[in-house]
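*Asks:* Compute the structure for the input listed below.
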Amino acid sequence: MFDQAMDRIAGRFSRVEPRTTARAYLLGLLSQVERKNCWQLAEQAGLARPGPMQRMLRYARWEADAVRDDICAYAVEHLGTDGGVLIVDETGFVKKGRASAGVQRQYTGTAGRVESSQVGVFLAYATSRGRALVDRRLYLPEQSWCADPERREAAGVPDEVRFATKPRLAWEMIAAALGARVEARWVTGDEAYGQDPQLRAALEARRTGYVMAVACSTRVWTNQGRTPVRADTVAGRLPATAWHRQSAGIGAKGPRYYDWAWIHMGSDSQRHLLIRRNRTTGELAFYLCWSPTAVPLAELVRVAGVRWSVEECFQAAKGQVGLDHYQVRNWTSWHRHITLALLALAFLAAVAASAAPDRPTHLYHPARSSEPDSLDRPRDPPPAYRCLRPAAPDSCQASALV
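*Replies:* Take a look at the predicted model:
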């Protein structure tokens, strides 16, 4: 299977030397080497110095974006099935100094604080057969980088690269995946992407459904689109009969059950506010949902639960194939290392999928009703629930792919 994966990208290298080095680099990423930088990967390959690895990342002639396209096709070939979901999210790479492309002091969830770091926006593809990262974009801050030509030139940032918000980068990746006919009817993401109306509008124009997390302060339109109300206010008006217990997916300890409610928004019968309630703490999470055709509550719950697959991808990519182990500063080198790490991760996912029996897509607890709730009729006063930023389910810890 490794030879087949290499054969898929072999034509992207015009010379045998970088192709051979890329093979050794990938084998190193898949090895048990503790730190997967050029020095240790060179040692793993039996080289005296890391020069060939560094040249392959910086100067050799090959297109990382073309290999990225091959990775996407490879993931669909091995993981593709009905119910595929595209997931957008970002992860940080803590880096010191000012020379690395895109680095600045910014908040990163990797460190849990404001830190000198790079931020990459990624696209994951998840199905019942597995999940893999299939695209990447390095976020280039507007003031500290895009408006500084000297700094751009020193880091090798191409002239055509302009500032783009993270949701814009996410849309570019989603559009490319859909254009390549990736089998995915849904897109999901966290609040950073769900709060962007342009991203949601672009998905609707493309007739692609979405379940996007939003803040509790988000205003939604009720009463046939005539009344704007905060999402947490909507949750507070719901009666006990509006909540349905369903599983958000299989975790390390079995099905992850939450209470869910869904409410029609506006005059569009396919537009909903989805609310998740923790059965123990009462904490709430909110999602804006749209689909081109009518879907049951269980399908929206499934997509919302799939979103955590991207966190598993990040943990596996950093822990198993050295996604964040690089010691490069150049724009081209960053994209090449990340692309090869994505290929290594996709290969592991393909191996796992080929060895595993077919599994059911999801387990659900039957809902009491298949129809969304309405806020147009009077309600009994409900109990109060805390409105907090949703936290990752404790059973969604990343597991090894092989």
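
*Asks:* so what pLDDT did the spatially closest residue to G80 that is not a sequence neighbour get?
*Replies:* Sequence neighbours aside, E183 is the residue nearest to G80 in space, at 4.7 Å (criterion: CB to CB, 6 or more residues apart in numbering). C-beta coordinates here come from the backbone N, C-alpha and C atoms, glycine included. Looking at E183, its pLDDT reads 86.

*Asks:* Was I right to think E183 contacts V76?
*Replies:* Yes - the pair E183 and V76 qualifies as a contact (CB atoms under 8 Å) at a distance of 6.2 Å.

*Asks:* Next up, phi/psi of the residue nearest to G80, please.
*Replies:* The phi/psi pair for E183 (degrees, to the nearest 10) reads phi -80, psi 80.

*Asks:* which of the residues in stretch 325-344 are buried?
*Replies:* 325-326, 328-344 (16 or more other CB atoms under 10 Å).

*Asks:* For the longest strand out of those in the chain, buried residues please.
*Replies:* In terms of residue count, the longest strand belonging to the chain (DSSP state E) is strand 113-127. In terms of neighbour count (16+ other CB under 10 Å), strand 113-127 has its buried residues at 115-127.

*Asks:* rewinding a little: same drill for E183 and V76, tell me which one is more crowded.
*Replies:* Between E183 and V76, V76 has the larger neighbour count (other CB atoms under 10 Å), namely 21 against 14.

*Asks:* Tell me the secondary structure at the closest residue to that one other than its chain neighbours.
*Replies:* In space, and not counting its chain neighbours, V76 is closest to V182: 5.5 Å by CB to CB, 6+ apart. Under the three-state scheme (DSSP: H, G, I helix; E, B strand; the rest coil), V182 adopts coil.

*Asks:* give me phi/psi at V182?
*Replies:* phi -70, psi 140.

*Asks:* how many other residues sit next to it?
*Replies:* Neighbour count for V182, taken as other CB under 10 Å: 20.

*Asks:* Then the one 3 residues further on?
*Replies:* Using other CB under 10 Å, R185 is surrounded by 19 other residues.

*Asks:* Check the one 3 residues further on too.
*Replies:* By other CB under 10 Å, the residues close to T188 number 29.

*Asks:* where are the low-confidence patches of the protein?
*Replies:* Within the chain, the stretches with pLDDT under 70 are 225, 357-402.

*Asks:* can you map out the strands along it?
*Replies:* With DSSP E as the criterion, the chain has strands at 85-94, 104-108, 113-127, 130-138, 186-189, 209-214, 219-222, 227-230, 244-251, 254-265, 268-277, 284-290.

*Asks:* Can you tell me which of those strands is most buried?
*Replies:* Counting by mean count of other CB atoms under 10 Å, strand 186-189 has the highest mean neighbour count of those, with a mean of 27.

*Asks:* strands paired with that one, and their directions?
*Replies:* Each strand paired with strand 186-189, and its direction, by DSSP bridges: strand 85-94 (parallel), strand 209-214 (parallel).

*Asks:* can you give me the angle the first one makes with strand 104-108?
*Replies:* Going back to what we said before, that points to strand 85-94. On the basis of axes from the mean of the first three to the mean of the last three CA atoms, to 10 degrees, strand 85-94 is oriented at 130 degrees to strand 104-108.

*Asks:* Make 512 the starting number, not 1.
*Replies:* Sounds good: first residue 512 from here, last item strand 596-605.

*Asks:* before we move on, back to that, if I look at the residue nearest to V587, how far off is C549?
*Replies:* V693 sits 32 Å away from C549, going by CB to CB, to the nearest Å.

*Asks:* Pull the distance from the longest strand of the chain to the chain's centre.
*Replies:* 8 Å (CA atoms, centre = their mean, to the nearest Å).

*Asks:* Listing partners with orientation, what would you give for that strand?
*Replies:* Strand 624-638 has the following strand partners under DSSP bridges: strand 596-605 (antiparallel), strand 615-619 (antiparallel), strand 641-649 (antiparallel).

*Asks:* Could you dump those into a markdown table and include distance to A577?
*Replies:* Converted to a markdown table, those look like this (distance: least, CB to CB, whole Å):
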| stretch | distance to A577 |
| --- | --- |
| strand 596-605 | 20 |
| strand 615-619 | 29 |
| strand 641-649 | 13 |
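
*Asks:* so what's C657 closest to, chain neighbours aside?
*Replies:* In space, C657 comes closest to F674 once its chain neighbours are excluded; the distance is 4.1 Å by CB to CB, 6+ apart.

*Asks:* The one you found reaches S655, doesn't it?
*Replies:* No - the criterion here is CB under 8 Å, and F674 misses it with S655 at 10.7 Å.

*Asks:* distance of V587 from L649?
*Replies:* V587 is 24 Å from L649, by CB to CB.

*Asks:* check contacts around A742.
*Replies:* 725-731, 784, 786, 797 (CB atoms under 8 Å, 6 or more residues apart in numbering).

*Asks:* ok, which stretches of the protein are helices?
*Replies:* For the chain, the helices defined by DSSP state H cover 513-521, 527-540, 549-555, 562-569, 575-590, 660-666, 677-690, 702-705, 708-716, 742-747, 808-817, 820-831, 842-866.

*Asks:* Tell me which of these sits nearest to A763.
*Replies:* Closest to A763 of those is helix 820-831 (CB to CB; 10.7 Å).

*Asks:* Okay, buried residues for the closest one please.
*Replies:* Applying a neighbour-count criterion of 16+ other CB under 10 Å, one finds 820-829, 831 buried in helix 820-831.
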